[in-house]
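Peer 1: please work out how this folds:
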Amino acid sequence: MADPGVVSTGKRARRGPRPAAEHGHSHGHGHGAGDGDAAPATHRARIVLAALTGLLLLATLVGMILLWPAQGTQVESSEFLAPGVEIVPATVAEIGESTGESVDAEELALIEAVGRAAPFDGETLSVEVPPAIAADGIHEGDRIRVLSVAEGGAASPGQPQLMYYLDHDRTLPLGVLLAAYLALVALVARGSGLRAMAGLAAGVAIVLWFMLPAIFAGENAVLVALVAASAMIFPCVYFAHGVSVRTTTAVLGTFGGIAVTVLIALAAGRPTGMTGADGDAAQVLFSAHPHLSLSTVFLAGVIISGLGALNDVTITQASSAWELRAAMPTASRLQVFTATMRIGRDHIASTVYTLAYAYIGSALPLLMYASTVNRSLIDTITSGEIAAEIFRTLVASIGLVLAIPLTTAIAAALATRPDSAGSRHATGSRRRKLEERLARY
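Peer 2: This is a model prediction of the structure:
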């Protein structure tokens with residue numbers, strides 16, 4: 001068969017323009033998960049994907065409409081400060097000898113600070129600091145917030161105000177970190193990174209404006225979390241990776257992973273005694289809102305906690321399946337599935353560590369305290385907050401692991417063989433491009 005890139009002139013063959021598929025670069029500007037140079041999807045595959053995704057989107061919208069808190073059901077916010085108490089910004093001027101290593105674990109430490117706002121601007125303040133903060137958490141020059149407590153609700157003339165440490169003022173340093181993060185994302189990941197930040201912002205907005213108010217309004221927390229997670233998928237995936245056949249395949253796989261996570265959480269929650277009442281925050285929440293079911297609130301948190309890692313693995317698997325199909329146009333669906341699962345198994349191994357180590361790092365003080373108690377290891381890991389976090393990690397990991405073969409199967413089924421007449425001349429080029437992409441990682 002003649003080379004399609006060769007034009008006969010009668011005397012000798014002259015190579016004509018190379019086909020677009022063989023150019024050294026792609027003219028697409030989408031993210032790597034876009035269709036790009038992957039095997040083209042058939043018209044039927046696109047219709048199936050559009051129909052399934054449309055039904056899921058419609059179900060999500062209907063769920064949000066039905067569960068949206070009615071007017072007047074919003075929970076009224078409580079006052080943060082008691083009457084006669086105000087927050088005063090200050091800067092630590094002197095920490096004294098009662099801080100650092102010499103601090104008494106049972107007594108408050110006394111430090112001096114300078115007020116930074118009226119009516120204490122420039123005044124020297126005496127501030128009482130809890131021993132845990134005074135030991136190693138406060139230094140000269142720190143920006144803090146202190147409480148000014150007036151006797152009888154107002155300050156008495158000539159009587160000094162009582163000042164108590166409330167918290168560090170973290171607005172400036174956290175703002176600098178956020179700006180540095182956004183700058184690095186824009187520099188390294190460029191447009192896709194900034195679009196991912198937009199997707200994250202949309203997801204947080206769904207949690208704040210839909211999920212939390214709906215739970216407070218008395219709706220079932222698990223059902224609300226299921227709908228909220230479904231709504232968060234679309235902006236998180238499509239903002240960051242663009243709208244394409246591959247990203248839509250990842251959306252379907254993510255929905256499958258969420259469904260598995262919900263089913264396992266519901267099935268295992270009661271037998272494992274997940275009451276959701278462990279921890280001070282849960283106790284305070286129930287005391288203020290006794291109509292809430294802490295067990296369902298806990299399960300709702302389990303559903304949301306694994307969403308990020310779940311989206312990560314489904315995007316990777318969907319993209320890998322389409323790339324492998326493009327590189328192996330004559331392979332069967334089973335061969336594409338098997339080859340993609342080899343990548344998935346490596347991803348499973350690395351992701352299992354991610355969820356477990358994330359908890360170990362966040363709960364290190366609790367784990368350190370538990371290790372000093374004369375108690376068996378089994379009793380330690382099956383009690384209280386530690387057991388709750390182990391449950392959360394296991395359920396999220398199971399959903400994640402099962403989502404990988406599910407996404408791979410969907411992608412392998414939909415990534416159909418390209419037409420032989422239009423694919424044989426580009427097979428070598430696609431293989432080279434796949435090798436170049438893999439070499440970059």
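Peer 1: elements contacting the helix or strand Ala113 falls within?
Peer 2: Here Ala113 sits within strand 109-115, counting by DSSP states H and E. The contact analysis (3 or more C-beta pairs under 8 Å, 6 or more residues apart in numbering; DSSP states H and E) places strand 109-115 against strand 85-94, strand 124-129, helix 131-136. The C-beta positions use only the backbone N, C-alpha and C, and glycine is treated the same way.
Peer 1: of these, which is nearest Thr247?
Peer 2: Distance to Thr247, taken as C-beta to C-beta, is lowest for strand 85-94 among the helices and strands packed on strand 109-115, at 45.9 Å.
Peer 1: so how many other residues sit close to His43?
Peer 2: A count of nearby residues for His43, using other C-beta atoms under 10 Å, gives 8.
Peer 1: what sits against it?
Peer 2: With contacts defined as C-beta atoms under 8 Å, 6 or more residues apart in numbering, His43 has no neighbours.
Peer 1: re the thing from before, what pairs with the strand holding Ala113, parallel or antiparallel?
Peer 2: Applying DSSP bridges to the sheet, strand 109-115 is found paired with strand 85-94 (antiparallel), strand 124-129 (antiparallel).
Peer 1: among these, which is nearest Leu355?
Peer 2: Judged by C-beta to C-beta, the one of the strands paired with strand 109-115 that comes nearest to Leu355 is strand 124-129, at 36.1 Å.
Peer 1: please spell out which residues along the closest one are buried.
Peer 2: By neighbour count on 16 or more other C-beta atoms under 10 Å, the buried set for strand 124-129 is 125, 127-129.
Peer 1: quick one: average pLDDT of it?
Peer 2: In this model, strand 124-129 has a mean pLDDT of 90.
Peer 1: could you export that strand as CSV, CA atoms only?
Peer 2: Taking Å, rounded to 0.1, in the frame of the first residue of the first chain, the C-alpha atoms of strand 124-129 are listed here in CSV:
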residue,chain,number,x,y,z
THR,A,124,0.4,48.6,76.7
LEU,A,125,-1.8,45.7,77.6
SER,A,126,-1.4,42.8,80.1
VAL,A,127,-2.6,39.6,78.5
GLU,A,128,-3.2,36.2,80.1
VAL,A,129,-2.2,33.3,77.9
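Peer 1: low-scoring pLDDT stretches of the stretch 101-250 of the chain, where are they?
Peer 2: Under the criterion pLDDT under 70, the flagged ranges of the stretch 101-250 of the chain are 101-105, 151-162.
Peer 1: which residue ranges of it form strands?
Peer 2: Taking DSSP state E, counting those that start in this stretch as the test, the strands found in the stretch 101-250 of the chain are 109-115, 124-129, 143-149, 162-168.
Peer 1: export these as CSV, with columns for distance to Ala240.
Peer 2: Putting the strands of the stretch 101-250 of the chain into CSV (distance: least, C-beta to C-beta, whole Å) gives the following:
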stretch, distance to Ala240
strand 109-115, 44
strand 124-129, 43
strand 143-149, 35
strand 162-168, 33
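Peer 1: distance to Ala221 added to the strands paired with strand 109-115, as JSON lines?
Peer 2: Below are those laid out as JSON lines (distance: least, C-beta to C-beta, whole Å):
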{"stretch": "strand 85-94", "distance to Ala221": "32"}
{"stretch": "strand 124-129", "distance to Ala221": "38"}
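Peer 1: compare those and give me the one nearest Phe216.
Peer 2: Among those, strand 85-94 comes nearest to Phe216, with 25.8 Å by C-beta to C-beta.
Peer 1: so who does the residue nearest to Met197 when sequence neighbours are not counted touch?
Peer 2: Spatially, and ignoring its direct neighbours in sequence, Met197 is nearest to Val185 (6.4 Å; C-beta to C-beta, 6 or more residues apart in numbering). The contact partners of Val185, by C-beta under 8 Å, 6+ apart, come to 193-194, 196-197.
Peer 1: need the helices for the stretch 201-350 of the chain, in chain order.
Peer 2: For the stretch 201-350 of the chain, applying DSSP state H, counting those that start in this stretch gives helices covering 212-216, 221-241, 245-269, 280-288, 294-305, 307-327, 333-362.
Peer 1: tabulate these (JSON lines), appending distance to Gln74.
Peer 2: Listed next are the helices of the stretch 201-350 of the chain as JSON lines, based on distance: least, C-beta to C-beta, whole Å:
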{"stretch": "helix 212-216", "distance to Gln74": "6"}
{"stretch": "helix 221-241", "distance to Gln74": "15"}
{"stretch": "helix 245-269", "distance to Gln74": "26"}
{"stretch": "helix 280-288", "distance to Gln74": "15"}
{"stretch": "helix 294-305", "distance to Gln74": "17"}
{"stretch": "helix 307-327", "distance to Gln74": "25"}
{"stretch": "helix 333-362", "distance to Gln74": "31"}
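Peer 1: deepest in the core, which of those helices is it.
Peer 2: helix 307-327 (a mean of 25; mean count of other C-beta atoms under 10 Å).
Peer 1: which helices and strands sit right next to it?
Peer 2: Contact here means 3+ C-beta pairs under 8 Å, 6+ apart; on that basis helix 307-327 packs against helix 221-241, helix 245-269, helix 333-362, helix 384-414, helix 420-440.
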